[in-house]
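*Asks:* Below is the sequence, then the predicted model.
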Amino acid sequence: MNVQVAPVEGSVGIRRPALRISSVCKRFGSLIANDDVSFTLEAGQVLALLGENGAGKTTLMNILFGHYVADSGAIEIGGASLSPGSPQAALRAGIGMVHQHFALADNLSVAENIIIGTESLLLPWHRAKAKEKILDIARRYGLALDPDALVRDISVGERQRVEIVKALYRDARILVLDEPTAVLTPQEAEALFATLRILVSNGVAVIFISHKLREVLSVADKIIVMRQGKVVAERRASETSREELAELMVGRKVAFPDRKPVSVGPAVLRLDGIVLRQGGNRPHVLDGVNLEVRQHEILGIAGIAGNGQAALADIACGVLAPSEGLIHLSGDPVRSDPSEFVKRGVARIPEDRHATGLIPDMSVWENVVAERYRSEAFAVAGLQRVGAARKYAELVIAQFDVRGAAPNTSAKQLSGGNMQKLILGRTLLQDPGVIVATQPTRGLDIGAVAYVHRKLLEARDRGAGILLISEDIDELFSLSDRIAVMFRGSLSSPVRTETLSLQELGLRMAGQNSTGGR
Amino acid sequence: MRVERRDFSPLAVRLAAPGVAVLASLLICSSLIKAAGAPVLWAYWTMLVGAVGSLNSVSETLTRATPLIFTGLSVAVAFRARIWNIGAEGQLYAGALATVLVAEEGGRIAAVVPHWALPIVAAGAAFALGAALLLGPVVLKVKLGVDEVVTTLLSNFVMLLFVSYLLDGPFKDPMSMGWPQTPPVDATVSLRHLLGGTARLHAGFLFALLGAALLWLFNVRSVWGYEMRAVGLSLNGARFAGMPVTSVLLRVAVLSGGIAGIAGFNEIAGVKGYLTLDMSPGFGYSGIVVAMLAQLHPVGVVISAVFVAAIFVGADAMSRAVAVPNYIADVIVSVSLLTMLVAMMLTRYMIRHE
Amino acid sequence: MSSTLDVVLTASFWAATLRICAPLLFGTLGELICERAGVLNLGIEGIMTAGALSGWLTVYYGADLWTGVCVAALVGAIFGLLHGFLTVPLGLSQHVTGIGISLLGASLSYFSFRLLIASTATPTIKPFSAVRVPLLADIPLVGPVLFEQSPLVYLAFSLAIAVSYILYRTPLGLAVRMVGENAMAADAQGVSVVGIRMAAVVVGSAIMAIGGAFLTLSAFNAFFVNLVNGRGWICIALVVFSSWKPARAIVASLFFASLEALQIRLQQGSGGLPYQFFLMLPYLLSIVALIAVARRVSGPQSLMVPFRRGER
């Protein structure tokens, strides 16, 4: 069934596409994830697959990799049909994947992560030869890496290089990159694009999955836009614009709220000299962070993942106690205890809706009272006031337009956007004075993003001070009044958004404080 | 063929799961009965008659079910909070030991509390000692990350050896003619028998039923029950919401270990009257099966405990009637645990052919 | 403490240490292989019991000792197949399934023993006798300790070296480690997660069962109820104590065995302390060992994480 791919160079006549996807359909129950998807990709071409979450990009890639089997349709690679449902066949046919969440084992070496699965299990392996090949690939494509380092010791950028080398080690002819720049600085992203250009000049075909229009336009030759499981448009990068792509992606015009100038009030949240140590003689996670969020103000915190933002968020939410330093709410010191923070009017919107924000296996009413289940409103004499909790759940559902939810619905049945509305609702209905929002729109579709942004701006206009920690630069620019940058546990002094350029923000995120101006 | 998650599993399917699991287990174990050379249907019939055929056998089954309800509840409480307490056996012996201690000191304690309260004092002591035995491993888990499975398992062995030492030495009944057992406990700490004649069913059974009902209400209506469920379902979610995760886990340990300790009190005060090393034929381990068959639901625990007890009582009758070793009961129960796990998975997943 | 010192310096003490060590080493290696592939196997206690009985029965019915060892391994493999099937493709809770397998292994063994051996007296077999390695056994002190042992002792130590070699020096071992560290990543590279995990659990369980067979075919000559007596659980602690490394498993099980050998000797010598406290030592030590390494070691990252493609 599995036909070996023949080399195309020698063959005369029509050049076969590297990849042809014809009429692929896939349903999950009543949901149509892929609806008659077709397109082709030539060798030496970068194809961008553009679409919101849930548009069907991931399903399509899972079918390409044999993780799912399509209900109908066919995939051809270099003219030979790909046997469905077999990751091994996909690898043999020369498809390589760079996952958004890297598929690497932290406790194994770089070389081990690269060669896994390439050698026969029962024969002794050729370590020296393998290492040589890795170094050779690294040199050829300008991907510096140390084969003997443990993955847990290397940086995010290096990990991505390992993923790319892993694909090339297997002679991948089609490389799929899933949201590859999400974890990179603008400068690192540029380096990645340079690598991609070397790859395509060597005849590799690249599929680039993203929802960032700017990047897609700069790196892709051809752009496929998907919406609700269908291919809705195919454009050449030179013949389209951000505006057109945005509208194609969403299917309608989305009104993003504007940030109106408001005069700020006194500080509502202040962090003084926050230090967070970790064991041994490793560097501090947070090294003397000072910040101040004032009434009617959104303070944005930018930075590449892993520079201490997660710890800062936990400390600002009261979940984690700093090793040193003080936290003040409206001028009074507060001890690190989440329920104390909630009582003092801090609304907390965590990074991970599933793992921390909600308890997915509990019902909606149990989730809306999770932060305040001990308060008089919801408990009396050690027993829960279930009626009151249900009423509150109904209020949240109605006021925040949580679709598909009743008080008894299990939270895990909600979509990501509706989960986020539930979290916003339970906490914003309390009219908080401080909001700590961490990646509040990650993984949401554009409509939900706009909704969250509107709610945050409304709260700001009402007088709340908002600490917005995000890796999404566009979000930071559109919401923040001031932006500060986290780098290796230190926070730069905040700069007014109007005076900050993208270029400069990128440099600061990479730790280079070029101008020093504010 | 692949396994896919169901959107939600209907209640009927979830209620049917234990029945199907038990039937599958009986079916699998019939091959062992056959291998032993006994007619399968007849063997199961003698088992059924032996378990529920007469008032006396019903009494015996319910008597046997009583400690299983307690250990089952103990395991259910712990497992719901994701504490893998495999130490109910040791906690049961700790409770039994506490009961014997209170009985020994009965005279002095009676000077302080009224006479009728002595069983309550004994039960309280049993609860406390059982709780203390589980508290150790759980403190190690939350403070140092030591896996509680191994520590609770090993605590069973340590506890049994400790009891063995006491029975050989300080607690040994001088009148026992060399048998390692304690003197009989005073009638004042004993639980009343419910039926006349030789039937052994005692008030402990009613307390077990009451305990299950209370625990159910506690789970679904109390603030502490809510915290325990939340911590079990999502540790990070509970922590973020501001629940005192560590103290919740310690409370779970106290409750779970304590309930298992009550099982020990129940056996001394209701059935045995004195402590021996073979007092429990693995009630603590069977409690795991009871809890799993009940899908960790307190009311389900009562039903599955009666079932497991019936298997044990019935198997004794079966081994007398036909030559099948009574270890068949342990086999049936352990196979039931495995079939139940599969059945529970099938309620959440379906196997789809492609 | 001079008496302790005297004991430790005798050759018979060290010979006993190796004898006590062997079943622990088998059990620890077996568990280690399962856990390295990401599957906790709490069935170990029951699997060792089943291995002890099946090996012993085979010899009791007239086959030779090595056949007994092979049958024990086969029976262990069958239990491993069951545990693997339930926890790997079906993805059931490894904790509870393991407990179930353990209860099943023990109860099925006792059931079969009672069924097949009707007599109330405990029948015995002729166990493995020590094999003297020519010349080497004549080395004073060290000779009788290292080179005058049951062949199963040699097997246990050779196996530890072999497992270490395979784990760190072959693609197979890399696949096992990868599957245990990050199953998704292994799957994405075309390594069969289910295949590797199943194989690891089957092989690991077979090795545990040999550890059980050691008890009936080498250490004792009979089978009885509660024969394994928590050795399996101790092995689980030893795996953690040895930070999931086969070479350290040798050290860890030797350390434990030496303490137990010491305990037996001191117990014979002491008039004061009741024997139960000596018997508690291995269990208490296991707990202490777990506490000692709790902060320092972390197991394979995918341990106890069931793998299902397309789900995260």
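*Replies:* Nice, I can see it.
*Asks:* hey, let's count contacts and neighbours off CA atoms from now on
*Replies:* Will do.
*Asks:* Three-state assignment for residue A:119, please.
*Replies:* Put simply, residue A:119 is coil when judged by DSSP: H, G, I helix; E, B strand; the rest coil.
*Asks:* With adjacent residues omitted, what lies nearest to it?
*Replies:* Once flanking residues are discounted, residue A:119 sits nearest to residue C:171: 6.5 Å by CA to CA, 6 or more residues apart in numbering or on different chains.
*Asks:* residues touching the residue in the stretch 151-300 of chain A positioned nearest to chain B, list them.
*Replies:* In the stretch 151-300 of chain A, the residue that lies nearest chain B is residue A:279 (14.4 Å; CA to the nearest CA). By CA atoms under 8 Å, 6 or more residues apart in numbering or on different chains, no residues touch residue A:279.
*Asks:* Doesn't it lie inside a strand?
*Replies:* No - under three-state DSSP, residue A:279 sits outside any strand and is assigned coil.
*Asks:* Give me the distance between it and chain C.
*Replies:* Residue A:279 sits 11 Å away from chain C, going by CA to the nearest CA, to the nearest Å.
*Asks:* go on, residue A:383?
*Replies:* Plainly put, residue A:383 is 32 Å away from chain C if you go by CA to the nearest CA.
*Asks:* hey, what's that residue bridged with?
*Replies:* Judged by DSSP bridges, the bridge partners of residue A:383 are residue A:380, residue B:222.
*Asks:* was I right about it contacting residue B:225?
*Replies:* No - with contacts counted by CA atoms under 8 Å, residue A:383 stays clear of residue B:225, the gap being 9.1 Å.
*Asks:* Comparing the two, which residue is more hemmed in?
*Replies:* residue B:225 (22 against 19; other CA atoms under 10 Å in any protein chain shown).
*Asks:* Using the three-state scheme, assign the more buried one.
*Replies:* Counting by three-state DSSP, the backbone at residue B:225 sits in helix.
*Asks:* show me the residues around the nearest residue to it once chain neighbours are set aside that make contact.
*Replies:* Using CA to CA, 6+ apart and skipping residues adjacent in sequence, the residue nearest residue B:225 is residue B:219, 4.2 Å away. For residue B:219, the contact set (CA under 8 Å, 6+ apart) comprises B:225, B:226, B:228, B:229.
*Asks:* which intervals of the chain have sub-threshold pLDDT?
*Replies:* All of this is about chain A. Along chain A, segments meeting pLDDT under 70 span A:1-16, A:253-256, A:280, A:513-518.
*Asks:* my bad, chain C
*Replies:* Checking chain C against pLDDT under 70 turns up C:1-9, C:141, C:143, C:145, C:269-271, C:309-312.
*Asks:* packing partners for the top helix by length along it?
*Replies:* Ranked by residue count under DSSP state H, the longest helix found in chain C is helix C:11-36. Contacts defined by 3 or more CA pairs under 8 Å, 6 or more residues apart in numbering or on different chains; DSSP states H and E place helix C:11-36 against helix C:44-60, helix C:142-146, helix C:151-169, helix C:171-181, helix C:193-214, helix C:231-241, helix C:246-269.
*Asks:* okay, the angle between it and helix C:171-181?
*Replies:* Angle of helix C:11-36 versus helix C:171-181, following axes from the mean of the first three to the mean of the last three CA atoms, to 10 degrees, is 70 degrees.
*Asks:* Next, the angle from helix C:11-36 to helix C:44-60.
*Replies:* Using the same axes, to 10 degrees: helix C:11-36 against helix C:44-60 is 120 degrees.
*Asks:* Taking helix C:193-214 as reference, get the angle to helix C:11-36.
*Replies:* 160 degrees.
*Asks:* Report the buried residues of helix C:11-36.
*Replies:* Across helix C:11-36, burial judged by 16 or more other CA atoms under 10 Å in any protein chain shown covers C:11, C:13-36.
*Asks:* Now do the helix or strand containing residue B:107: distance to the chain's middle.
*Replies:* Using DSSP states H and E, residue B:107 sits in helix B:106-110. Chain-centre distance of helix B:106-110: 30 Å, with CA atoms, centre = their mean, to the nearest Å.
*Asks:* Since that was my last question, I'll sign off now.
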